[in-house]
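Engineer: fold the following and give me the result.
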Amino acid sequence: MYNYTTTRSVMQRLFQRVLAAVILGVSSAMDNTPTGGDTGCTVLLSPTTAGCMSFDLSALPLGPFTVHDAFPMPYFVAPPCTNLTAAQTNCTSFNSGDSAGAPVYAVAGNPDDECYALGHTPYTQATLLDSGDPEAGVLVELDGGVGGRVLQYAFSCDPSLPPSAGPTNATNSGFTYTIHWPTPLACHPTPTTGCGGAIPVPTPDQLAFQEMEFGALICYNMATAMGSQGCPAHSVPPISTFTDKAPADVDTDGWCQAIKSFGGQYATIVAKHVCGFAIWPTEATLPARNWSYAYHVPQELDIVAKFAASCKKVGVKLGIYYSVVSNEYLNVQGGMVRSPSTIRPGQVAVTQEEYGQIALQQLTELWTRYGDLAEIWFDGGFAVPSLEPSLLALLNRTQPHACIFNGCGLSPNAVAWIGTESGHAPYPVWNTQTGCPSGAGTPFGKQYVPKEVDLTLQNADTWFYREGMGYRSLSEMASIYHDSVGHGGNMLLNVAPPPNSTLPAVAVQRYRDLGAWVARCYGQGATAAATALATTSGPCANCSHLSLTVGGGKPVAMDRFLLKEDLTHGQLVLQFFISIDGVPVFNGTAIGRTLIALLGKNVTGQTVTLTVTEARAPPTLRLFAVPSPESCSLASGGDSCTYIQNTLYTGPVTASSKQPTAAACCGECREVAACAFFTYYQGTCSLITAQQGSTTQAGAVSGSPA
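Structural biologist: Below is the predicted model of the structure:
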């Protein structure tokens with residue numbers, strides 16, 4: 001078997017013999033070969049690389065053609081959907097088996113001496129020549145050649161040529177051989193629909209959940225009183241730690257008013273966190289042991305009930321967070337009851353079966369006492385041995401319409417975590433995925449699972465109130481809004497009351513300012529702000545081309561666009577571009593429930609046009625609008641940082657590097673969207689996506705960009 005290196009001397013001798021006669025280019029292999037015809041060749045690009053787009057190459061000339069490379073080597077080729085015969089190639093060794101029908105090249109002076117099959121029809125892969133320009137052309141690949149050889153056709157757009165034009169030359173790299181074929185047939189891809197398999201669609205409950213866009217996560221539990229973010233292993237603080245600091249009349253009305261002020265449509269309260277402390281008077285028992293769950297608030301201090309009533313007053317839907325995989329009171333971690341030998345003072349020893357009984361009783365209380373729930377939060381999932389069948393039955397019986405955070409595999413109303421607590425979701429975000437990973441999804445996933453983006457208002461990913469921590473600036477919150485709601489996720493903003501339950505005035509004002517800015521810039525739901533420069537007047541069905549006139553025919557400055565796709569039939573748009581006065585200014589892939597397309601500068605024009613170039617089916621847009629730059633403007637938030645001395649936060653590390661100072665580490669965190677906070681110790685800067693606890697460490701610094 002020859003490879004490129006061992007045959008080079010043969011090719012050099014060939015080159016010397018024919019140097020005078022070589023013409024680098026293309027010639028017809030036989031005089032009687034047709035120069036054009038129907039190859040029946042429509043190339044559909046791979047859904048994993050370029051989505052639903054096709055090129056009609058059926059008008060390519062049939063050939064075959066003899067194409068030379070620089071050595072030269074004679075290649076006998078036809079279009080990628082056409083088989084060759086031994087007679088057409090004049091290769092007697094090319095007659096059957098692996099070589100039959102494949103484009104070939106000859107490596108000796110006479111094509112009859114030695115011929116190699118390069119690749120077989122049908123093509124195995126087709127991608128864009130330029131991923132950023134669908135009209136640059138298409139690359140079609142055939143594999144299965146002798147010795148692993150691969151043949152590529154680089155069809156580049158050349159509108160000046162007739163469709164009957166043939167290939168021009170050939171190049172190769174190792175055992176990959178490329179035929180260069182300029183043609184006008186590669187200039188105009190056709191968006192196609194229905195590819196990528198069945199299109200997953202949302203349940204009505206998922207659709208309603210996504211429509212809310214903006215929610216809150218209320219963290220007021222034992223960790224609040226402790227001034228921590230959870231419970232250390234085997235730590236069970238006395239009930240008085242909480243009750244001595246909590247007022248008799250917890251200010252849940254103030255919480256819900258703050259949530260309403262920033263536009264929150266639903267609010268999920270942490271009913272039981274990892275300590276195991278319940279902020280409702282649970283009545284869970286183990287009758288066989290004559291034992292009752294005693295780690296909870298007194299009967300008169302049912303905070304969940306009070307919060308549910310406050311939500312109802314302002315029209316905010318209720319959600320409940322319950323950590324089923326962690327409970328220090330019952331010595332449970334990761335869904336497993338730890339060994340009785342590890343029990344410490346304050347903990348109660350139970351069996352795995354008994355823990356499952358307690359969890360189901362408490363979930364029954366939470367899911368039946370407080371009305372319909374918009375969301376159920378399983379922080380860390382629901383993986384408790386043997387619990388899932390009973391959990392599913394309870395869910396179907398008591399809260400069949402709730403959407404379940406981390407509920408993939410349990411409920412059709414599942415919601416997935418975006419994968420970072422920074423608030424900055426990547427782009428694009430897809431509502432489809434295969435399996436149950438966290439993250440931004442994939443365009444051709446098999447399940448429909450909306451994404452939720454959780455974040456804190458306090459700095460440094462601080463979920464429970466901590467004195468002196470400080471709050472993110474309005475500028476930073478606007479950036480997070482763009483990357484969460486504006487990328488198609490639901491934004492879940494933390495509300496962290498202090499032990500006295502009254503939110504600090506600075507936090508209340510920040511919530512109000514955020515809500516006012518969102519309404520002023522983007523409006524609410526599928527209605528654009530009154531200040532928008534232009535907007536559609538209603539849904540546009542089956543629309544792949546929309547134009548808006550701004551400024552009454554006079555040029556005006558624009559710096560962003562607001563788009564909302566109707567997801568009733570699934571997330572359909574795969575690729576689009578927006579142009580101003582015919583000049584493309586934004587190329588995108590996903591639109592989804594909401595997309596805020598930022599230009600990063602002002603562009604002046606009169607007409608804005610949206611063109612959808614790829615879609616899984618004809619899409620429907622609920623809204624296409626041009627927000628006013630003046631109404632959306634904000635003062636810069638600056639480059640300040642929050643530092644927590646002698647503290648080492650822990651969690652998933654997304655990047656690590658050596659940095660000279662904590663300030664430099666903070667700067668690294670600011671540049672990485674997934675970074676929720678950083679730790680800096682002994683010159684090592686670690687960027688962390690989600691907070692999972694902290695330890696005291698002299699000389700360590702943790703923090704976040706402010």
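
Engineer: can you give me the strands in the stretch 101-250 of the chain?
Structural biologist: Using DSSP state E, counting those that start in this stretch, the strands of the stretch 101-250 of the chain run over 104-106, 115-117, 125-128, 137-142, 150-157, 169-173, 176-183, 190-191, 214-218.

Engineer: closest one to E565 among these?
Structural biologist: strand 190-191 (15.3 Å; Cβ to Cβ). Glycine gets a C-beta too; all of them are placed from N, C-alpha and C.

Engineer: what is the mean pLDDT for that closest one?
Structural biologist: For strand 190-191, mean pLDDT rounds to 68.

Engineer: G588 and F576 touch, don't they?
Structural biologist: Yes - counting by Cβ atoms under 8 Å, G588 does reach F576; the two are 5.5 Å apart.

Engineer: the two - which one has more neighbours?
Structural biologist: A count of neighbours by other Cβ atoms under 10 Å puts F576 above the other of G588 and F576, at 24 against 19.

Engineer: tell me the contacts of the more buried one?
Structural biologist: F576 sits next to 587-589, 591, 610-614 when contact means Cβ atoms under 8 Å, 6 or more residues apart in numbering.

Engineer: ranking by neighbours, what's the top pick from the residues you listed?
Structural biologist: Counting neighbours by other Cβ under 10 Å, I591 comes out on top of the contacts of F576 with 27 neighbours.

Engineer: quick one: it from L567, how far?
Structural biologist: Separation of I591 from L567 (Cβ to Cβ, to the nearest Å) stands at 10 Å.

Engineer: and G592, by the same measure?
Structural biologist: For G592, the distance to L567 - Cβ to Cβ - is 7 Å.

Engineer: shared neighbours, the two?
Structural biologist: N431.

Engineer: all the helices of this structure, residue numbers only.
Structural biologist: Taking DSSP state H, the helices of the chain run over residues 8-18, 86-89, 204-212, 222-226, 240-243, 252-261, 303-314, 352-369, 388-398, 474-483, 505-522, 629-632, 662-671.

Engineer: among those helices, single out whichever gets nearest to P64.
Structural biologist: Nearest of these to P64, taken as Cβ to Cβ: helix 86-89 at 5.1 Å.

Engineer: from the chain's centroid, how far away is that closest one?
Structural biologist: 51 Å (Cα atoms, centre = their mean, to the nearest Å).

Engineer: tell me the buried residues in that helix?
Structural biologist: 86, 88-89 (16 or more other Cβ atoms under 10 Å).

Engineer: how about G148: what's its closest non-neighbour residue?
Structural biologist: F175 (5.6 Å; Cβ to Cβ, 6 or more residues apart in numbering).

Engineer: with P652 instead?
Structural biologist: Here the residue nearest P652, using Cβ to Cβ, 6+ apart, is T689, at 4.9 Å.

Engineer: swap in A526?
Structural biologist: The spatial neighbour of A526 that comes closest, neighbours along the chain excluded (Cβ to Cβ, 6+ apart), is R622 at 4.5 Å.

Engineer: neighbours around the one you found, how many?
Structural biologist: Neighbours of R622 under the rule other Cβ under 10 Å: 20.

Engineer: kindly report the same for G148.
Structural biologist: Around G148 there are 12 residues (other Cβ under 10 Å).

Engineer: could you measure from it over to T127?
Structural biologist: For G148 relative to T127 (Cβ to Cβ), the value is 20 Å.

Engineer: same check, this time on G215
Structural biologist: For G215 relative to T127 (Cβ to Cβ), the value is 39 Å.

Engineer: higher neighbour count, the two?
Structural biologist: G215 (24 against 15).

Engineer: show the contacting residues for S702.
Structural biologist: Taking Cβ under 8 Å, 6+ apart, one finds 460, 643-644, 647-649, 677-680, 694 in contact with S702.

Engineer: who's it bridged to?
Structural biologist: I644, T679 (DSSP bridges).

Engineer: what about E365, neighbour count?
Structural biologist: Here the number of neighbours of E365 (other Cβ under 10 Å) works out to 18.

Engineer: show me what contacts the closest residue to it other than its chain neighbours?
Structural biologist: Leaving aside its chain neighbours, E365 sits nearest to T282 (5.9 Å; criterion: Cβ to Cβ, 6+ apart). Taking Cβ under 8 Å, 6+ apart, we find T282 in contact with 293, 296, 361-362, 365.

Engineer: so what sits opposite the closest residue in space to S544 that isn't next to it in sequence in the bridge?
Structural biologist: In space, S544 comes closest to V612 once its chain neighbours are excluded; the distance is 3.9 Å by Cβ to Cβ, 6+ apart. Beta-bridge partners for V612, by DSSP bridges, are F576.
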